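1. Any chance you could fold what I've pasted below:
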Amino acid sequence: PSVPLQLEEDYPIDPIELYAFYLGMSINTRQRGLHLQYYLSFPVQYTLEQREVILSSFRRGLYRSLPASIAQSDYAQNFHVSSIGTEPAAFAASLIEEIDDPPTKEGKAFSVFDFGGGTTDFAFGFWRKASPEKLEEWGNYAVIEHFSPSGDVHLGGEIILWKLAYRIYEQNISLMRSKKIPFVQPPNETPIEGMEILLDKGHIAQNNVLIMMEKFRPLWERKGDSFSNNEGISISLRDYRGILYTLEIFIRIEELEEWVSQRIYQGVQNFIFALYNAFKGRNVGEQIDVFLAGNASRSPFVQLLFGLEIHGETESFSKRYLEEEKVRTCHELLQHIWKDGRPRLHVHPLRTDEGSALNCKTGVALGMLSLTPGKGLLEKSDSGIEEQPPFSIFVGFKWGPVFHCVLKQNQAYHVWKSMGGISLSGTFLLYYSFSPLSVMGDTRQLKMKRLRFDVGKDKLFVFIRAIGPYSIEVCVSDTIKIAADGGMQHQTFTFHP
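-> This next block holds a predicted model:
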């Protein structure tokens, strides 16, 4: 008889491995049979190290879910867990096949706006026939070739809901302060003045966040319960000691809706600017297909910004912003920055019909099945699926009030770029941003990093290069050009989104 796998007493607990184990136990049943080959997709911005950690955990968890008689037999040699495709590319593959759009030799341009719960990913590429002259494309009928992936790391449905709850907490700050109700500050938000002691990450604060998010989810999803400005809303929250209070809070709906609309609009602006940078200088033809993905793309405001028709009670709310020229549609934004030879955008709405096998939940999975070996559909990336994702931030310096961007998204790695001279004070102010709007003159999202170097009496130049998706290396030199291994006083920094 086979001997079951044994774990050492000091074996560390890995939540991802445990999840993969239970997933394998659900997949491999008497009715479904045993499966030995597994494929995972990852968001665009996941680093190579993050992907490998997750893959390793899944390999261990799935392997241990197999019956011992299989895991310790020759069949185990066929066990395989690997990554295949990025999530936006997989979603595009499923949609392209669904709309029955045959590939051409020149290729058809496409883009994906994947508005998920945690982040928003952008993907751009061409859908074309495979070239029999190229060895790597031999034996395939079509190729999905994508490039310049990017995204908005702070735009996600659940992130918006968290920040919405934070603003409601701030609108009722006097009540929250009197009852000493703790809360978790969302990422990239400024702390409420005088409330720093109640903004923590403890379990009581986290529980209050979840309660607030669920209470006001209808306000974000615009369905179910409705709220009004003059009506008190009852909610139960705990103070820092764990004592439960039933509170009556009030909200300013127009202010919250204004913030949500502007935040989504900022994300769409980032997408259009990234689309322009990805396709400029390429032969895109007359049209770029835009596929909406992710549950948060159901938002009527997203649909309005992409020029889709909306109906119901949200119609008057959304059109208010266009009529008052608070926002522009994606077509107007592209027209503003792409002057000559501009293609038109053909936006494909998110599939929400229950009768279709393809929707926002199944699209990535079905697309991954289309990309598995032997299906005849090949995915190609400018950086390669197994390589590090591209550089994802904008870095430069300010000369007066003007921001000069030296490193942009998708910048090649390990290539030195000059930042100009450094004054005799030895201080250099480095500026960075995660938003492409910073390059277009919107400096509100710029962040500053103060660098110090030993200068002496020599004239020194500052050089910078990208070494990771969010990492840079900075050095100084007394020459106007430096070799790959040149420079002095090297410093490395990682800017977390």
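
2. What strand or helix carries E158?
-> According to DSSP states H and E, E158 maps onto helix 157-171.

3. gap between that helix and the chain center?
-> 19 Å (C-alpha atoms, centre = their mean, to the nearest Å).

4. For it, output the C-alpha coordinates as PDB.
-> Presented in PDB, the C-alpha positions along helix 157-171 are these (Å, rounded to 0.1, in the frame of the first residue of the first chain):
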ATOM      1  CA  GLY A 157     -14.000  48.400  -7.200                       C
ATOM      2  CA  GLU A 158     -13.300  47.300  -3.600                       C
ATOM      3  CA  ILE A 159     -10.600  50.000  -3.200                       C
ATOM      4  CA  ILE A 160     -13.200  52.600  -4.300                       C
ATOM      5  CA  LEU A 161     -15.700  51.200  -1.800                       C
ATOM      6  CA  TRP A 162     -13.100  51.300   1.000                       C
ATOM      7  CA  LYS A 163     -12.200  54.900   0.200                       C
ATOM      8  CA  LEU A 164     -15.900  55.800  -0.100                       C
ATOM      9  CA  ALA A 165     -16.400  54.400   3.500                       C
ATOM     10  CA  TYR A 166     -13.400  56.400   4.600                       C
ATOM     11  CA  ARG A 167     -15.000  59.600   3.300                       C
ATOM     12  CA  ILE A 168     -18.300  58.800   5.100                       C
ATOM     13  CA  TYR A 169     -16.200  58.200   8.200                       C
ATOM     14  CA  GLU A 170     -14.700  61.600   7.700                       C
ATOM     15  CA  GLN A 171     -18.100  63.300   7.100                       C
END
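
5. after it comes which helix or strand?
-> Next element after helix 157-171 (DSSP H and E): helix 173-179.

6. ok, and what's touching that next one?
-> Contact with helix 173-179 is made by 169, 181, 183, 192, 194-195, 198, 237, 239, 245, 247, 249, as judged by C-beta atoms under 8 Å, 6 or more residues apart in numbering. In this view, the C-beta of every residue, glycine as well, is placed from N, C-alpha and C.

7. try 6 Å this time
-> 169, 239, 245 (C-beta atoms under 6 Å, 6 or more residues apart in numbering).

8. just stretch 36-54 next, same as before
-> 62, 78-81, 83-87, 90, 121, 149, 151, 368, 388, 469.

9. Now for Q50, how many residues are close by?
-> 14 (other C-beta atoms under 10 Å).

10. so how far is E137 from it?
-> 29 Å (C-beta to C-beta, to the nearest Å).

11. C-terminal to the helix of greatest length in the chain, what's the next element?
-> Of all the segments assigned as helix in the chain under DSSP state H, the longest by residue count is helix 253-279. Following helix 253-279 in sequence order, the next helix or strand is strand 287-293 (DSSP H and E).

12. Show me the helices in the stretch 1-150 of the chain, by range?
-> 15-27, 48-65, 68-71, 87-98 (DSSP state H, counting those that start in this stretch).

13. Would you tell me what the next helix or strand after the lowest-mean-pLDDT helix or strand in the chain is?
-> Least confident element among the helices and strands of the chain, by mean pLDDT, DSSP states H and E: helix 314-323 (a mean of 60). Next along the chain after helix 314-323, taking DSSP H and E as the criterion, comes helix 330-337.

14. Report the angle between that next one and helix 253-279.
-> 60 degrees (axes from the mean of the first three to the mean of the last three C-alpha atoms, to 10 degrees).

15. which element follows helix 330-337 toward the C-terminus?
-> strand 344-348.

16. I'd like to know how many residues surround the residue lying closest to G156 once chain neighbours are set aside.
-> Nearest residue to G156 in three dimensions, chain neighbours excluded: G118, at 4.3 Å (C-beta to C-beta, 6 or more residues apart in numbering). By other C-beta under 10 Å, the residues close to G118 number 14.

17. and the gap between G118 and P469?
-> Counting by C-beta to C-beta, the gap from G118 to P469 is 16 Å.

18. cool, and A109?
-> From A109 to P469 the distance is 25 Å (C-beta to C-beta).

19. Kindly report the same for L135.
-> On the measure of C-beta to C-beta, L135 and P469 end up 30 Å apart.

20. who has more neighbours, those two?
-> P469 (23 against 8).

21. residue contacts, that one?
-> 47, 389, 392.

22. Spatially nearest residue to it (excluding sequence neighbours)?
-> Using C-beta to C-beta, 6+ apart, the closest residue to P469 is S392 (4.7 Å).
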